[in-house]
Structure formats: C-alpha cells, structure tokens
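**Q** Need the 3D shape of this:
(2 chains)
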Protein chains: 2
Amino acid sequence: MALPHARSGEVVDVQPLGARLASGKTAALFKSEDLELMRLVLPAGKALPPHRVPGEITIQCIEGALEVGVEDGSHVLRAGQLLYLRGGVTHGVRALQDCSALVTIALRKQPS
Amino acid sequence: MALPHARSGEVVDVQPLGARLASGKTAALFKSEDLELMRLVLPAGKALPPHRVPGEITIQCIEGALEVGVEDGSHVLRAGQLLYLRGGVTHGVRALQDCSALVTIALRKQPS
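**A** Numbers count the residues shown, from 1 in each chain, chains lettered A, B, ... in the order given. Take a look at the predicted model:
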C-alpha cells in the first residue's frame, strides 16, 4: 500500500472519531524517512493476530479500549494511554471496545 | 538531564492534565534506542524560543492550543492535532492557551 509521504509542517487530525468510529477504517497517516504513523480502527471483539515489525513502536489509545498481548503478558490501554514496544516484539491487539489508536513506528534502517 | 530508559511493555499516561494543567511541568516520558518522548506543558502566552533537533519530530496537542512557528509560516494545533517536522527544522512554540503536548523525536543516528 502506498503511504502518503510526509510533508514537513503537515498537520494531521488524530482526534477521537466519536460517532464516526463505528464506520471508521484503519488508515495510514504518513510515512517519512524515520517514522510511520497510522490510525488503527478496530471494532469491539476484533483482533489483529500476533505480528511484529523491525522498528520500535508506540500504540496510543485515542478512544475506546484495547488489549495488547505480548509474550510475557498483556496490557490494557484506555483513551490517553500509550504503550512502548521495542523493535521485533511479537504483539497482538484485541479491541475490548470499539477503539481507535495512533500507532507510531520508528523505521529501522538496515545497515548499509 | 537523565531520561528514564524505556522498558518494552511500559504503559505511559498521556491523558489531558485537566485541572492539573496549571501546575503541570514539562516532563521527559522516556528515551529508547530510536525514540524520545516528552510531555511539553506551556502556560498561555509562554513560548519556547526557536530551536532545532537533528531528528524528525511530531508534536501532538493534548489539550489547549499552541502555535508552532517555522521558517515559512506557523501552524496552530488544538487538542487532537499533530504536526510533523523533518529533522533539523528550526521551530518555536507559543502557547495560545494553557496547553500540553506530546512530543515524539525520532533519534537520528550518527553515521558510524
């Protein structure tokens, strides 16, 4: 999927979707040289199967509630809570309520 | 200033400070290998003079309103809006209202 390339000075809306949450879709926000941002939208009960990405990530719950499962346990995030995961950590995400979350990935450069 | 080193699986509170905003202080949240996160707290009318950091940054307004000035203009951010700036861009920040913001810096590696 082609991501919009970030323009410096770009303002992005990450407010709660509120009434639009039920019909919202996961969307890429932008990708720059070092960062990739997306808004994850997940209806209650739905899950992303365990997966991992090379770079460090933060998952910030914007609205609703979700559970992030990692090897050694799970973490519940409610609106305004942010979870940090180091690169390469296998994690699954399950929506406890209809939710949206801002996911920030630090793109890990391959050694050149 | 020594920053707390991020533990993977750490949950951080970035909810609005609300009634505690007036007495809140700017605080480092954590620093990891590739990311540094802080909550900026700025009372109405106060400003950070123009400065720059090597890495790309995002500034996400959590509450209140602030203005980010860059060379080619300025951007007003209200709660739930996020601004992306590429690394090395000189920027100043001015609080239009009492505000707090989540600042994420992608730490730029020096060529080894």
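**Q** Let me know the average pLDDT across stretch A:64-80.
**A** Mean pLDDT, stretch A:64-80: 96.
**Q** same deal with stretch A:102-112?
**A** Averaged over stretch A:102-112, pLDDT sits at 81.
**Q** Now do whichever strand or helix holds A:Gln60 and strand B:57-63, the angle between them.
**A** Element membership for A:Gln60 (DSSP states H and E) is strand A:57-63. Orientation check (axes from the mean of the first three to the mean of the last three CA atoms, to 10 degrees): strand A:57-63 against strand B:57-63 gives 20 degrees.
**Q** For chain B, tell me whether strand A:57-63 is touching it.
**A** Yes. For strand A:57-63, a contact with chain B is found by CB under 8 Å from any CB of the partner chain, at A:58, A:60, A:62. Placement of C-beta: from N, CA and C, glycine included.
**Q** Extract the CA atoms of that strand and return them as CSV.
**A** C-alpha atoms of strand A:57-63 as CSV (Å, rounded to 0.1, in the frame of the first residue of the first chain):
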residue,chain,number,x,y,z
ILE,A,57,6.6,1.3,18.2
THR,A,58,4.2,3.2,20.4
ILE,A,59,0.5,2.5,20.5
GLN,A,60,-1.6,5.3,21.8
CYS,A,61,-5.3,4.6,22.5
ILE,A,62,-7.3,7.6,21.3
GLU,A,63,-10.8,6.2,22.2
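**Q** Can you name every helix or strand that the following helix or strand past that strand contacts?
**A** On the C-terminal side of strand A:57-63, the nearest following helix or strand under DSSP H and E is strand A:65-70. Counting contacts by 3 or more CB pairs under 8 Å, 6 or more residues apart in numbering or on different chains; DSSP states H and E, strand A:65-70 packs against strand A:73-78, strand A:81-85, strand A:91-95, strand A:99-106.
**Q** mind listing what the strand holding A:Gln60 pairs with, with the direction of each?
**A** strand A:81-85 (antiparallel), strand A:99-106 (antiparallel) (DSSP bridges).
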